[in-house]
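Visitor: Next comes the sequence, and after it the predicted model I'd like to discuss.
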Amino acid sequence: AQSVTQLGSHVSVSEGALVLLRCNYSSSVPPYLFWYVQYPNQGLQLLLKYTSAATLVKGINGFEAEFKKSETSFHLTKPSAHMSDAAEYFCAGGTSYGKLTFGQGTILTVHP
Amino acid sequence: DAGVIQSPRHEVTEMGQEVTLRCKPISGHNSLFWYRQTMMRGLELLIYFNNNVPIDDSGMPEDRFSAKMPNASFSTLKIQPSEPRDSAVYFCASSLPTGGNTEAFFGQGTRLTVV
């Protein structure tokens, strides 16, 4: 089964700074990978998903993730953080029918 | 589409009482999942259904938990009797498998507090 590990339970950045949230996955095939975001008291919203069509995946709100097979990584980045990006982010491994195994989550704090 | 709809949004109940959480998946989706979120254990899958049939309930913590999906548009998760350690946020999600990387759509969750 696909499993993922998120490095860092908390990440703090200044507004306008680069956001980097780390995720490594187990090397099972195929790598069905996702990033979800959870705002306070809300459900989970899909940011982006890896489709194998491209190693660099663009998502909503300016986020993107790069799939690196050699490093078994799928890190999430955003060039310039905004206050509204403060939330908890989850990397997940999935299946062809939608079953997800989540990482531990990373809480992103954005300082003015 | 209204998305995945869960009810109630909040539930406070006394230990020993029966609790029923409800979920309406997105129309046309044929896979449904129940997840539980706690500080200690994060997000964990409890059970999932495909075409209304329970496929994997290995995540259900114990016999006090049961889930049903009587039709394609409705599912319930029941806890009887409830215990304080069941306090968590319970999410329902649905998906429509397309043979590739299928995303799941989540409801807003039910925050359960057992006192």
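Guide: The structure has been received and is ready for your questions. Residues are numbered from 1 along each chain as shown, chains lettered A, B, ... in the order given.

Visitor: residue in chain B nearest to chain A?
Guide: B:S95 (2.9 Å; CB to the nearest CB). Just so you know, the C-beta spots here come from the backbone N, C-alpha and C atoms, and that holds for glycine as well.

Visitor: what bridges to that residue?
Guide: With DSSP bridges as the criterion, B:S95 is bridged to B:S31.

Visitor: near chain A, which residues of chain B show up?
Guide: Those residues of chain B that sit near chain A, judged by CB under 8 Å from any CB of the partner chain, are B:4, B:31, B:33, B:35, B:42-45, B:48, B:50, B:56, B:91, B:93-97, B:99-109, B:111.

Visitor: May I ask you to confirm that the residue of chain B closest to chain A is in contact with B:T102?
Guide: Yes. With contact defined as CB atoms under 8 Å, B:S95 reaches B:T102; the gap is 5.1 Å.

Visitor: Overlap of the contact sets of the two?
Guide: Common neighbours of B:S95 and B:T102 are listed as A:97-98, B:31 (criterion: CB atoms under 8 Å, 6 or more residues apart in numbering or on different chains).

Visitor: For chain B, give me its nearest residue in chain A.
Guide: Closest point on chain A to chain B, by CB to the nearest CB, is A:G98, at 2.9 Å.

Visitor: which residues sit in contact with that residue?
Guide: So A:G98 contacts B:31, B:33, B:93-97, B:102-104 (CB under 8 Å, 6+ apart).

Visitor: Check B:S75 too.
Guide: B:22-25, B:32, B:34, B:49, B:67-69, B:92.

Visitor: What's the ChimeraX syntax to select whichever of those residues are buried?
Guide: This is the ChimeraX syntax for the buried subset of the contacts of B:S75, where burial follows 16 or more other CB atoms under 10 Å in any protein chain shown:
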select /B:22,23,24,25,32,34,49,67,69,92
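
Visitor: So which of the contacts of B:S75 are in strands?
Guide: B:22-24, B:32, B:34, B:49, B:67-69, B:92 (DSSP state E).

Visitor: Dump the shared contacts of B:S95 and B:T102 to TSV, plus pLDDT and distance to A:C23.
Guide: As requested, these are arranged in TSV below (pLDDT from 0 to 100; distance: CB to CB, whole Å):
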residue	pLDDT	distance to A:C23
A:Y97	75	21
A:G98	77	19
B:S31	93	24
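
Visitor: what about the residue of chain B closest to chain A, how many residues close to it?
Guide: Residues within reach of B:S95, counting by other CB atoms under 10 Å in any protein chain shown, total 26.

Visitor: same for the lowest-mean-pLDDT helix or strand in chain A, what does it pack against?
Guide: Every helix and strand of chain A was ranked by mean pLDDT, DSSP states H and E. The lowest is strand A:100-102, at a mean of 90. Contact partners of strand A:100-102 among helices and strands, from 3 or more CB pairs under 8 Å, 6 or more residues apart in numbering or on different chains; DSSP states H and E: strand A:87-94, strand B:42-50.
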